[in-house]
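In: Sequence and predicted structure below; questions after.
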Amino acid sequence: MSDLFSASDLSESAPRPLADRLRPQTLGEVVGQDHLLGADGAIGRMLEHGQLSSIILWGPPGVGKTTIARLLAAETDLHFEAISAIFSGVKDLRAVFEAAQQRRALGQGTLLFVDEIHRFNRAQQDGFLPHVEAGTVTLVGATTENPSFELNGALLSRCAVLVLNRIETDAAATLLERAEALVGRALPVDERARSALIDMADGDGRYLLNLAEQVFTIAKSDEVLSVERLTELLQKRAPAYDKDREEHYNLISALHKSVRGSDPDAALYWFARMLEGGEDPLFIARRLIVMASEDIGLADPTAMMVAGEAARAFERLGEPEGLIPMAHAVVHLATAPKSNASYVGLKRARSAARKTGSLMPPKHILNAPTAMMKDQGYGAGYAYDHDTEQGFSGQNYFPDQMQRETFYTPKGEGREGPIRERLKHWAKLREEG
């Protein structure tokens, strides 16, 4: 007995999300990626010359990586084969490569799209190399993670890494207009709510269309949603943030550089971004202590104390009250005078220490707890600085076989001004002595 409905009939009648119904049918319909798909873009030039290389598409979620891969296959008459690194293993890869070899023997090329390619381990990634080199497959990998950290160097050397942009405001507006045209009516929101909807999507085009579909569904007849009403009905997208991935390091770098650049407003913004992303405040507190020493140092000795106390205060108070002293510390560090002289001095001293090996200290500054050590000259000729006229003996404290070097050179900012003057004074006494 035959089925009442064929499989194709069922697939056509099954409900499809708005984002799927609006999936671009040509590369020209893809929004937000003109820097790659335009005539002067990397993909545009490949297509113009009829030569599609293996590529890695790197970008945030919902910006068109899968769609671009599908359309590239259609544009170049390649068989489209898609796998996900989350659900596929060695057996699946072997089957894909065998099928691709059979197609190639019949004159048909294969575009292999690998979603979340960074989730394959190093050995699995190596498995792609001979098939990419031989041209058995044209590889199009998609990743949300930095390929430099997550993919083998050998695989990267055989693929062009192309960076996709997040969906910005103009591109997002285009998506909403297409949604309205497909549904046949205007999105039931006012202008402020429309802008808020785009903000909620946070650069994710697929999520934006999902939000729009929810609005079309939940808005009552003739109702126009305000920002306040929209916020009540919809959940904002969680910020793109992974505490052990690239965004974690990007945001702490942004916070650190804002502090170093003496911009308290930007520093507070990145501090808040990390908190909203779910970062451990104690991780931020530890980094603030590093900033206090690396970028402020003796220009403001209180910076280290403020950063340390902010960390201890958070340990005692927890959230949310403990975040207040941390914000206090962020502003203090950003507005403090800056000096990296101690940090640079440490790097210079360590470099010198590596070069000079195991040179002994000069004998006159060594203790002599035994008679034998005294007989060998330990401590002989040592001048006790407090007993000198100016409290400064000017003795040599470097190894005898090493020339004196200058590692710490304060710039004179903040509290380092008087320190620099003291160092100049002591240097003059040392020369006169």
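Out: Received the coordinates, thanks. Residues are numbered from 1 along each chain as shown.
In: So, low pLDDT: which residues of the stretch 151-300 of the chain?
Out: 235-246 (pLDDT under 70).
In: all helices for it, in order.
Out: Under the criterion DSSP state H, counting those that start in this stretch, helices of the stretch 151-300 of the chain are mapped to 153-156, 169-183, 191-201, 205-218, 227-233, 246-260, 264-276, 281-291.
In: could I get those as TSV with distance to residue 124?
Out: Every residue, glycine included, has its C-beta placed from N, CA and C. Converted to TSV, the helices of the stretch 151-300 of the chain look like this (distance: least, C-beta to C-beta, whole Å):
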stretch	distance to residue 124
helix 153-156	10
helix 169-183	34
helix 191-201	33
helix 205-218	27
helix 227-233	43
helix 246-260	21
helix 264-276	33
helix 281-291	31
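In: Kindly reformat the ones you listed as a markdown table and extend each row with mean neighbour count and distance to residue 42.
Out: Shown next, in a markdown table, are these (neighbours: other C-beta atoms under 10 Å; distance: least, C-beta to C-beta, whole Å):
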| stretch | mean neighbour count | distance to residue 42 |
| --- | --- | --- |
| helix 153-156 | 14 | 15 |
| helix 169-183 | 16 | 19 |
| helix 191-201 | 18 | 26 |
| helix 205-218 | 20 | 20 |
| helix 227-233 | 15 | 38 |
| helix 246-260 | 18 | 22 |
| helix 264-276 | 18 | 30 |
| helix 281-291 | 18 | 36 |
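In: At which residues are the helices of the stretch 1-150 of the chain located?
Out: Using DSSP H, counting those that start in this stretch, helices in the stretch 1-150 of the chain cover 7-13, 18-21, 34-37, 42-48, 65-75, 90-105, 122-126, 129-133, 147-150.
In: Minimum distance to residue 203: which of the ones you listed has it?
Out: Each of the helices of the stretch 1-150 of the chain has some distance to residue 203 by C-beta to C-beta; the shortest is helix 65-75, at 13.4 Å.
In: quick one: the closest one to helix 205-218, angle?
Out: 110 degrees (axes from the mean of the first three to the mean of the last three C-alpha atoms, to 10 degrees).
In: average model confidence for helix 65-75?
Out: Mean pLDDT, helix 65-75: 94.
In: Tell me the helices and strands packed up against it.
Out: In terms of contacts (3 or more C-beta pairs under 8 Å, 6 or more residues apart in numbering; DSSP states H and E), helix 65-75 is packed against helix 42-48, strand 55-58, strand 79-84, strand 110-115, strand 138-143.
In: buried sites along it?
Out: The neighbour-count check on helix 65-75 (16 or more other C-beta atoms under 10 Å) flags 65-73, 75 as buried.
In: Closest one to residue 402 out of the residues you listed, please.
Out: Using C-beta to C-beta, residue 65 comes nearest to residue 402 of the buried residues of helix 65-75, at 57.4 Å.
In: one step back: output the buried residues of helix 65-75 in a markdown table, with distance to residue 256 appended to each entry.
Out: Shown next, in a markdown table, are the buried residues of helix 65-75 (distance: C-beta to C-beta, whole Å):
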| residue | distance to residue 256 |
| --- | --- |
| 65 | 30 |
| 66 | 35 |
| 67 | 36 |
| 68 | 34 |
| 69 | 36 |
| 70 | 40 |
| 71 | 40 |
| 72 | 39 |
| 73 | 43 |
| 75 | 43 |
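In: Nearest to residue 421 among those residues?
Out: Nearest to residue 421 among the buried residues of helix 65-75, counting by C-beta to C-beta, is residue 65 at 59.5 Å.
In: Count the neighbours of the nearest residue to that closest one once chain neighbours are set aside for me.
Out: Closest residue to residue 65 in three dimensions, ignoring its sequence neighbours and counting by C-beta to C-beta, 6 or more residues apart in numbering: residue 142, at 4.0 Å. Counted with other C-beta atoms under 10 Å, the neighbours of residue 142 add up to 24.
In: Pull the contacting residues for residue 142.
Out: 56-57, 65-66, 69, 113-117 (C-beta atoms under 8 Å, 6 or more residues apart in numbering).
In: What's the separation between it and residue 410?
Out: Separation of residue 142 from residue 410 (C-beta to C-beta, to the nearest Å): 50 Å.
In: Could you do residue 317 as well?
Out: Residue 317 is 36 Å from residue 410, where distance means C-beta to C-beta.
In: One more: residue 319?
Out: According to C-beta to C-beta, residue 319 and residue 410 sit 38 Å apart.
In: Show me which of these two is the more surrounded one.
Out: Taking other C-beta under 10 Å, residue 319 and residue 410 do not tie; residue 410 has more neighbours (22 against 9).
In: In contact with residue 413, which residues?
Out: Counting by C-beta under 8 Å, 6+ apart, residue 413 touches 299, 337-339.
In: Need phi/psi at it.
Out: Phi and psi for residue 413, reported as degrees, to the nearest 10, are phi -80, psi 140.
In: Per-residue pLDDT of it, please?
Out: We have a pLDDT of 90 for residue 413.
In: Next: residue 134.
Out: pLDDT at residue 134 comes out at 90.
In: need the contact list for residue 400.
Out: Residues near residue 400 by C-beta under 8 Å, 6+ apart: 359, 362.
In: For the remainder of this discussion, apply numbering that starts at 56.
Out: Done: numbering now begins at 56, and the last item shifts to residue 455.
In: Residue 116 and residue 257 touch, don't they?
Out: No: Residue 116 sits out of contact with residue 257 when judged by C-beta atoms under 8 Å, with a separation of 9.8 Å.
In: between these two, which one's more packed in?
Out: residue 257 (18 against 15).
In: residues in contact with residue 421?
Out: Contacts of residue 421 by C-beta under 8 Å, 6+ apart are 428, 433-434.
In: Could you check how far it is from residue 427?
Out: 13 Å.
In: And residue 123, by the same measure?
Out: Taking C-beta to C-beta as the measure, residue 123 falls 80 Å from residue 427.
In: Residue 202 against residue 113, yeah?
Out: Yes: applying C-beta under 8 Å as the test, residue 202 and residue 113 come out as touching, 5.6 Å apart.
In: okay, and the common contacts of the two?
Out: Shared contacts of residue 202 and residue 113, defined by C-beta under 8 Å, 6+ apart, comprise residue 216.
In: more neighbours, the two?
Out: residue 113 (22 against 19).
In: ok, that one touching residue 217?
Out: Yes: the criterion here is C-beta under 8 Å, and residue 113 meets it with residue 217 at 6.9 Å.
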